[in-house]
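> Let me see the structure of the following:
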Amino acid sequence: MTAKECVRCAWVVLAATLLPLQGQAEPLEQQALQEKGLALIAEFAGTLKPALMQAMQQGGPVAAVSVCAEQAPQMAAELEARSGWQIKRLSLKPRNPQAGAADGWERQSLLAFERRHADGEPVSELLASQYDEQQYRLMKAIAIQGPCLTCHGANVAPQLAEAIDSLYPDDHARGYELGQVRGAFSVVKRF
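Numbering: from 1, shown residues only. Below you'll find the predicted structure:
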């Protein structure tokens, strides 16, 4: 084998080694983004839920509504400022249509969550993601749990309904049953 053939052979071996890695870079990046997105969702939920529970214990459901109205957006803004990711809660039946309305992709993902849950998939496992050269998007479903029914169930107490209506005049987030998909956390990382 000549020196020229050896060099050509070395390039073929190098190309054959690197080509499979080129196709794996994108999935590896997506996996890292998903892990980061899920960590941000867990952090947001892990901050919001205790604040809601504390408000429920100290001031009842009316106090918890004010946590959602005032503290939750502030928590999300602080997390966005620290992380560089956008984070929000959204639903097909938003309490605050200006803040919780879903765009086209989010709406389709929420509808898919409902279908998948109806087919037996646990709400805790419902995820959707979208990746392109401009952004990475991730949604994780939120399930209706027992305490959620106080404000989001079919039988909201009159005093609580009045408080909700005063903060959210266009509220659509009632009538849920235990275990249903309430909506989702949505995080976006723009490149």
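
> Can you classify K140 by secondary structure?
What DSSP: H, G, I helix; E, B strand; the rest coil gives for K140 is strand.

> thought it was touching F185?
Yes - between K140 and F185 a contact is recorded at 5.0 Å, counting by Cβ atoms under 8 Å. No exception for glycine: its C-beta is placed from N, CA and C like everyone else's.

> wait, what's in contact with the residue lying closest to V123 once chain neighbours are set aside?
Nearest in space to V123, with sequence neighbours left out and distances taken as Cβ to Cβ, 6 or more residues apart in numbering, is A143 at 3.7 Å. Shown in contact with A143 (Cβ atoms under 8 Å, 6 or more residues apart in numbering): V123, S124, G179, Q180, V181, R182.

> Shouldn't the third one be within a strand?
Looking back up the chat, that one is G179. No - counting by three-state DSSP, one finds G179 to be coil, located in no strand.

> And for it, the neighbour number?
The local packing of G179 (other Cβ atoms under 10 Å) involves 13 other residues.

> The protein: strands as residue ranges?
Secondary structure of the chain (DSSP state E): strands at 86-90, 127-131, 135-143, 181-190.

> can you redo those strands as TSV with distance to Y168?
TSV is the format used below for the strands of the chain (distance: least, Cβ to Cβ, whole Å):
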stretch	distance to Y168
strand 86-90	13
strand 127-131	26
strand 135-143	17
strand 181-190	14
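
> Ok, which of the ones you listed comes nearest E35?
strand 135-143 (9.9 Å; Cβ to Cβ).

> List the buried residues for the closest one?
Of the residues in strand 135-143, those with enough neighbours to count as buried (16 or more other Cβ atoms under 10 Å) are Y136, R137, L138, M139, K140, A141, I142, A143.

> just stretch 163-181 next, same as before
By neighbour count on 16+ other Cβ under 10 Å, the buried set for stretch 163-181 is A163, I164, Y168, D171, A173, R174, Y176, Q180, V181.
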